[in-house]
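K.L.:
okay, predicted coordinates and the sequence, questions at the end:
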Amino acid sequence: MDVLKDKIDVILSHYDYQVEDLLPILLEVQHESDGRYISESSAMYIADQVKIPYAQISEVITFFSALNSTKKGKYHIEMCNGTVCRVNEKSVIERYLEETLLIKVGETTADGLFTLDHAPCFGACDISPSVRINKKAYGHLTIDKMKSILEKLRGDSDD
Amino acid sequence: MTNKPLITEFFNRYKYDDIEEYIKLGGFSGLTNVISEGKNFAINELKEADIKGRGGAEYPAWRKWLMAKERDGEKVILCNADEGEPGSFKDRDLLNKDPYKVIEGMIIAAYVIGAKRGYIYIREEYDHIRKKFITACDLAKSHGLLGENILDQRFDFDIKVNTGAGAYICGENTALIESMMGKVGRPRLKPPRVGEKGLFGLPTMVNNVETFVCATTVMIHGSAKYCSTGTVNSKGNKVISISGRLKSPGTYEVPFGITVDELINEIGGGPKGEYPIKFIQSGGASGPLIPKSMFHIKYSYEDFEENGFSIGAGSMVVVDEKTELIDYLIAIEEFFKHESCGKCTPCREGLVQVVKILYKIKQKTATLKDMEKLERVSQVMVDASFCGLGVTAPTAIFSALKYYKDELYKDIEMEDIK
């Protein structure tokens, strides 16, 4: 498992192994995982513990956008793909990200540092165009601003 | 705006972890008023204030509360905070800037209908706000406003804070409830409606965040004050999210009856670039486009309905001439294609076809046959989709065909015409 069994046990026991709390359980396990995803083995273990079939947990993980079944980079960049960000020319930011990171939307950089994905509107339209990086929203983006955010993240990961 | 805010009166006046300050401002007086005046008083006040569901369905709140009150046995309250309409973010600010008004509204509702358990389902995208909301609930509990024997009324009520996981469809009540039971968020057949059989199979009264906040406002100030603004059929104020090609996007509280033009140019500060505004989309991605020629109309339920528009959750996306109409339509329908749960054929397959034809229009390869198919498929979605997502997904297309037919047809190959 990508997440230590002990860590999953703590999360499960916090939620009292209740199936009604499957979403927060999965989100927290994902948060604890190195690749910000829920591996097959973690999913199997959780299914077993909350006593639901693996098919059910697998369906839930693949249905919800916030749950990842594949590994993400250290910094998961989600470019808003909603109407407001499109009107506010998010394509300029997206092109810059693709050209700078040398990846396409849906890919991860070779060093495993960045993953670039699309996300539906996450309710930051008042600061559009915006991205979320590891769930934190950044808005009023320009190429310069995006550049300095990336530089800061690169710097942080050198520390 | 010359109007003083009422629904959002406590914005920026206290911090989420300072319940004492909320009480000092007059918070929880709505609850004490209801306790001293009685449950029927509360329902009557809601009726006088004529609050319509603020999540988009526009169903009269008093009727929902009354039906729930008259139902026997255990029942639960659910606050739908899965705000997912693109362009809508007012619930984000209500939860973030005035969490106790949401909590107070849920407590009042629980007292009136006789519920012991309350749930709030906050979208995953607002996770940072959810954490603050949990703290606010804990503080309400330590102040005797949640938990057992609230205000010595032999009334027990507690709130559990749940999370979504990024699915627009979960704004639909039955899908939301499915996802709260460890399942995929797909809508289920109605009846039974959730009011009858919802969460854990119990009668469930679901209201939107703003609806609870409006209820608290009415119970604090009285319906007369609440109704001092607005129009005959749209009373009081509305909290709106306004964004797009505007100088001052944001969450605002505005009186019903203001014109669309005033909303754009006075509240929103007018267009942000050199291009004039072309249209707005009101009520989220599922709402119709409102062309510039209609900006004189009043922002009210009755005026909007008369013209085929919708208030919905109160979002307004402003689009200028720089954006191509077809690109905007593609953005909307790709969103719905992504969010369709896949349960029913009209929605799942219809959206694939709709997006395909829209791209053909963009690439100037669409034929007259394609245009007919676009209308036909859209109509099938309206007539035969299982839930509101599929039914409302083509709304923008119909309004675009109504107001911008020439623009959409300008590159159509006409040789098909027999």
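P.N.:
Thanks, I have the structure now.

K.L.:
spell out which residues of chain A are next to chain B.
P.N.:
Within chain A, the residues that sit near chain B (Cβ under 8 Å from any Cβ of the partner chain) are A:19-24, A:26-27, A:50, A:52, A:56, A:59-60, A:63-67, A:81-84, A:86-88, A:119-128, A:132, A:135-136. For glycine as for every other residue, the C-beta is placed from the backbone atoms N, C-alpha and C.

K.L.:
can I get the buried part of the residues you listed as one ChimeraX selection?
P.N.:
The buried subset of the residues of chain A next to chain B, as determined by 16 or more other Cβ atoms under 10 Å in any protein chain shown, is captured in ChimeraX by this line:
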select /A:19,20,21,22,23,24,26,27,50,52,56,60,63,64,65,66,67,81,82,83,84,86,87,88,119,120,121,122,123,124,125,126,127,128,132,135
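
K.L.:
filter the residues of chain A next to chain B down to just the ones in strands.
P.N.:
Applying DSSP state E to the residues of chain A next to chain B, the entries found in strands are A:119, A:132, A:136.

K.L.:
got JSON lines for those, with pLDDT too?
P.N.:
As requested, these are exported to JSON lines (pLDDT from 0 to 100):
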{"residue": "A:119", "pLDDT": "95"}
{"residue": "A:132", "pLDDT": "97"}
{"residue": "A:136", "pLDDT": "95"}
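
K.L.:
need the longest strand for chain B.
P.N.:
Per DSSP E, chain B has its longest strand at strand B:237-244.

K.L.:
residues contacting residue 69?
P.N.:
Unless you meant another one, I'm taking chain A. Taking Cβ atoms under 8 Å, 6 or more residues apart in numbering or on different chains, we find residue A:69 in contact with A:37-38, A:58, A:61-62.

K.L.:
wait, I meant chain B there
P.N.:
B:39, B:43, B:112-114.

K.L.:
at 10 Å instead, please
P.N.:
By Cβ atoms under 10 Å, 6 or more residues apart in numbering or on different chains, the contact list for residue B:69 reads B:39-40, B:42-43, B:75, B:109, B:112-115, B:205.

K.L.:
cool, residue A:65 as well?
P.N.:
A:78, A:117-120, A:122, B:124-125, B:164-168, B:338-339.

K.L.:
try 6 Å this time
P.N.:
When contacts are counted by Cβ atoms under 6 Å, 6 or more residues apart in numbering or on different chains, residue A:65 touches residue B:166.

K.L.:
for the one 10 residues further on, same thing?
P.N.:
Neighbouring residues of residue A:75 by Cβ under 6 Å, 6+ apart: A:114, A:133, A:153.

K.L.:
which helix or strand contains the last one?
P.N.:
For residue A:153, the enclosing helix or strand under DSSP states H and E is helix A:143-158.

K.L.:
could you find the closest non-adjacent residue to the most far-flung residue of chain A relative to its centre?
P.N.:
Distance from the C-alpha centroid of chain A peaks at residue A:51, with 26.3 Å (Cα atoms, centre = their mean). Counting by Cβ to Cβ, 6 or more residues apart in numbering or on different chains, residue A:51 lies nearest to residue A:19, which is 7.3 Å off, once chain neighbours are set aside.

K.L.:
and for residue A:89?
P.N.:
residue A:129 (6.6 Å).

K.L.:
helices of the stretch 301-418 of chain B, residue ranges please.
P.N.:
Along the stretch 301-418 of chain B, counting by DSSP state H, counting those that start in this stretch, helices occupy B:301-306, B:325-339, B:345-362, B:368-384, B:388-392, B:395-403, B:405-409.

K.L.:
separation between residue B:264 and residue A:10?
P.N.:
Separation of residue B:264 from residue A:10 (Cβ to Cβ, to the nearest Å): 51 Å.

K.L.:
same deal with residue A:26?
P.N.:
15 Å.

K.L.:
again, but for residue B:397
P.N.:
Computed as Cβ to Cβ, the residue B:397 to residue A:10 distance reads 49 Å.

K.L.:
which parts of the chain belong to which domain?
P.N.:
No chain was given, so I picked chain A. A:5-63, A:75-158 (automatic domain parsing).

K.L.:
sorry, should have said chain B
P.N.:
Looking at automatic domain parsing, the domains of chain B come to B:19-226, B:237-320, B:325-416.

K.L.:
reformat these as CSV; add distance to residue B:12 and mean pLDDT.
P.N.:
Converted to CSV, the domains of chain B look like this (distance: least, Cβ to Cβ, whole Å; pLDDT from 0 to 100):
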stretch, distance to residue B:12, mean pLDDT
domain B:19-226, 6, 96
domain B:237-320, 12, 96
domain B:325-416, 32, 95
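
K.L.:
in the stretch 301-418 of chain B, what residue is nearest chain A?
P.N.:
With Cβ to the nearest Cβ as the measure, residue B:331 is the residue of the stretch 301-418 of chain B nearest to chain A, at 4.6 Å.
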